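**Q** Predicted structure and sequence below. I'll ask about it afterward.
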Amino acid sequence: MLYNCALTLLILRGSGGASWLSGYVKPLSSWAFVAREKGSSTCAKSQCCIDEFAEMVHPRDGHPKIFAMIDAYLDESGIHEGAACCVIAGFFGGRGQWKKFEEAWKQLLRDFKVPMEKFHAKHFYPEPKPDTWFNDQWSRRDDCKLFHDAIADTISRYKKIHPVTAGIIVPAFNSFSLNDRRFLTGAKSSIKGELVSQGSPERPYFVPFLMVVRQICEYAPVGGKAHFLFGIDRSFYRYATVLFEQISNDQLRIGSSLEWKDRLGISSAPRAANTAQLQAADFLAYLTYRHMLDTGHLLGAVQPTALLLKCIQNRRSDEDFYFCTKANLEATLEQRADLQRELDDWITSHPEAG
């Protein structure tokens, strides 16, 4: 039996992380033997627990589950060579809400006379960059600030479009051994703990990418799907599609903590240059990236700018904003070792399982 990126994420999400909204580190969760969650008696080779099925058919809140789809638009900031941190961020919501948002976004750009194909947050935040369209058009910094505020106002207006962000400190990730980085980025492990695939040890952004995908899938209704969109005209597209395929091909389906994978939909790739939703994701990703750079070692203790706070005011949970630091990556690896000991003990006590 193999376990891989889904289990990596299960451990990581329980290992605690820095949230800029609350400045706390989450306590360790009970994750070690996921097949025994919620009173299930199934073994580690089972694919579905009876109580999970009952929850699906008879929701505990008494309300029927709506089989629906949500669309998530994601972008990145900081995947370039030499970056100190990297961020995966975006928004998700229903298609009806997205249609209204798209109309408002296009009106916003018309009001400020900004061509859609020119929109790229790093070109105008915090001020217009030299040799960009914005620097040529806007001579006053006040013009740019008005644009920033209008973007945040437009994003915050739609209460059912929700932001998600995850970031990782690159030097912290790179400080780990090759095998540790392989595990953290989804390498398959045998039940004996041996890594049997490569993972993505040179791609620290795989960790926040996986976390964002999982978090959004968890918000999809049971029986529904979360579909993901990346800009085909952005450098992120090539990496995102590879990583998305890796997650999709992971067959692990053990315990309720991994049922989010059944809600993983498909990916597609419109052009960011004419897609309002991807431009909003670009703005959020870059603001978050700048926040990580500006706060440095105080990450998790410093409140973000008023602009960023407004962009994330429609969050579903404070835990939708998560930072991978050296401390919680170490905790992830320690919990992996604990899990391996659990598995070893289980194998010893169940020789018939082979």
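**A** Arrived safely. Numbers count the residues shown, from 1 in each chain.
**Q** which stretches of the protein form strands?
**A** 2-3, 69-77, 85-93, 162-169, 189-190, 225-229, 264-268, 321-324 (DSSP state E).
**Q** Reformat those strands as JSON lines; add mean pLDDT.
**A** Listed next are the strands of the chain as JSON lines, based on pLDDT from 0 to 100:
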{"stretch": "strand 2-3", "mean pLDDT": "47"}
{"stretch": "strand 69-77", "mean pLDDT": "96"}
{"stretch": "strand 85-93", "mean pLDDT": "97"}
{"stretch": "strand 162-169", "mean pLDDT": "96"}
{"stretch": "strand 189-190", "mean pLDDT": "80"}
{"stretch": "strand 225-229", "mean pLDDT": "97"}
{"stretch": "strand 264-268", "mean pLDDT": "95"}
{"stretch": "strand 321-324", "mean pLDDT": "89"}
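**Q** Dump the ones you listed into JSON lines; add distance to Phe209 as well.
**A** Quick note: C-beta positions are derived from backbone N, CA and C, even for glycine. Supplementary listing: these in JSON lines, determined by distance: least, Cβ to Cβ, whole Å:
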{"stretch": "strand 2-3", "distance to Phe209": "19"}
{"stretch": "strand 69-77", "distance to Phe209": "8"}
{"stretch": "strand 85-93", "distance to Phe209": "5"}
{"stretch": "strand 162-169", "distance to Phe209": "8"}
{"stretch": "strand 189-190", "distance to Phe209": "20"}
{"stretch": "strand 225-229", "distance to Phe209": "10"}
{"stretch": "strand 264-268", "distance to Phe209": "12"}
{"stretch": "strand 321-324", "distance to Phe209": "11"}
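**Q** can you tell which of those strands is closest to Gly199?
**A** With Cβ to Cβ, the closest approach to Gly199 among the strands of the chain belongs to strand 189-190: 9.7 Å.
**Q** just how off-centre is the closest one within its chain?
**A** 24 Å (Cα atoms, centre = their mean, to the nearest Å).
**Q** what's the burial count for the nearest residue to Phe119 once chain neighbours are set aside?
**A** The shortest distance from Phe119 to any residue other than its chain neighbours is 4.8 Å, reached at Gln279 (Cβ to Cβ, 6 or more residues apart in numbering). Residues near Gln279, counting by other Cβ atoms under 10 Å, number 24.
**Q** distance of Gln279 from Asp71?
**A** Distance, Gln279 to Asp71, by Cβ to Cβ, to the nearest Å: 15 Å.
**Q** Please identify the buried residues of stretch 286-296?
**A** 286-292, 295 (16 or more other Cβ atoms under 10 Å).
**Q** Closest to Asp180 out of the residues you listed?
**A** The closest of those, once distances to Asp180 are taken by Cβ to Cβ, is Met292, at 22.0 Å.
**Q** okay but Pro208 is in contact with Ile168, surely?
**A** Yes. Counting by Cβ atoms under 8 Å, Ile168 is a contact partner of Pro208 at 5.1 Å.
**Q** and for these two, which residues touch both?
**A** 86, 324 (Cβ atoms under 8 Å, 6 or more residues apart in numbering).
**Q** Could you tell me the model confidence score at the closest residue to Ala166 other than its chain neighbours?
**A** Using Cβ to Cβ, 6+ apart and skipping the chain neighbours, the partner closest in space to Ala166 is Pro208 (3.5 Å). pLDDT recorded at Pro208 is 94.
**Q** Likewise for Glu245?
**A** So Glu245 comes in at 87 (pLDDT).
**Q** residue closest to the middle of this structure?
**A** Val212 (1.2 Å; Cα atoms, centre = their mean).
**Q** Correct me if wrong: that residue contacts Phe91.
**A** No. At 10.8 Å, Val212 does not count as touching Phe91 under the criterion of Cβ under 8 Å.
**Q** anything in contact with each of the two?
**A** Val164.
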